[in-house]
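# sequence? don't have it. structure:
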């Protein structure tokens, strides 16, 4: 599921992307940064267990301007969209064919810590530079 989400984020203007970045006791599945917009994004990918993904995405709001869950489209009916919306977490639905769509828009994090954002944005930039 990571491959289609990475492609989706690139198309959405996040050229600097890194995967599996440690953050506390978790790993951020995808962290992206847009230099043009000075905007960072964290995405938690899960096939099931949306509540676990939700709790991780809440934590990632400390290091990213916006946070998303990315889950298979077929899981959409099981997710409490009201809970995600109330906490500013967006939702990316991944179809069986690999196409992605934003099902719920995120809200800007009001708890993002600039030092975390700078650190993770720098890592994403460096990883992307090495891939070019």
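That came through, no problem. The structure presented is a predicted model; accordingly, all values stated were derived computationally and were not measured.

# and residue 108, which helix or strand is it part of?
In this assignment (DSSP states H and E), residue 108 forms part of neither any helix nor any strand.

# I figured it hits residue 66, correct?
Yes. Contact criterion Cβ atoms under 8 Å: residue 108 and residue 66 qualify, at 6.3 Å. For glycine as for every other residue, the C-beta is placed from the backbone atoms N, C-alpha and C.

# more crowded one of these two?
Neighbour count, other Cβ atoms under 10 Å: between residue 108 and residue 66, residue 66 has more, with 22 against 11.

# measure the residue lying closest to the more buried one once chain neighbours are set aside to residue 96 for me?
Distances taken as Cβ to Cβ, 6 or more residues apart in numbering place residue 106 nearest to residue 66, at 4.1 Å, with adjacent residues excluded. Distance of residue 106 to residue 96, given as Cβ to Cβ, to the nearest Å: 24 Å.

# more neighbours: these two, which one.
The neighbour comparison of residue 106 against residue 96 (other Cβ under 10 Å) goes to residue 106, with 24 against 8.

# and the pLDDT at that one?
Note for residue 106: predicted pLDDT of 98.

# strands of the protein, start to end?
16-23, 26-34, 39-45, 66-72, 89-94, 100-104 (DSSP state E).

# mind listing what residue 70 touches?
Taking Cβ atoms under 8 Å, 6 or more residues apart in numbering, we find residue 70 in contact with 1, 5, 29-30, 43-46, 91-94, 100.

# first vs last residue of stretch 58-76, how far apart are they?
Using Cα to Cα, to the nearest Å, one end of stretch 58-76 lies 19 Å from the other.

# that one: how far from the chain's middle?
Distance of stretch 58-76 from its chain centroid, counting by Cα atoms, centre = their mean, to the nearest Å, is 5 Å.

# mean confidence for it?
Mean predicted confidence for stretch 58-76 is 95.

# nearest residue to the middle of the protein?
Compute the mean C-alpha point of the chain, and by Cα atoms, centre = their mean the closest residue is residue 43, 1.7 Å away.
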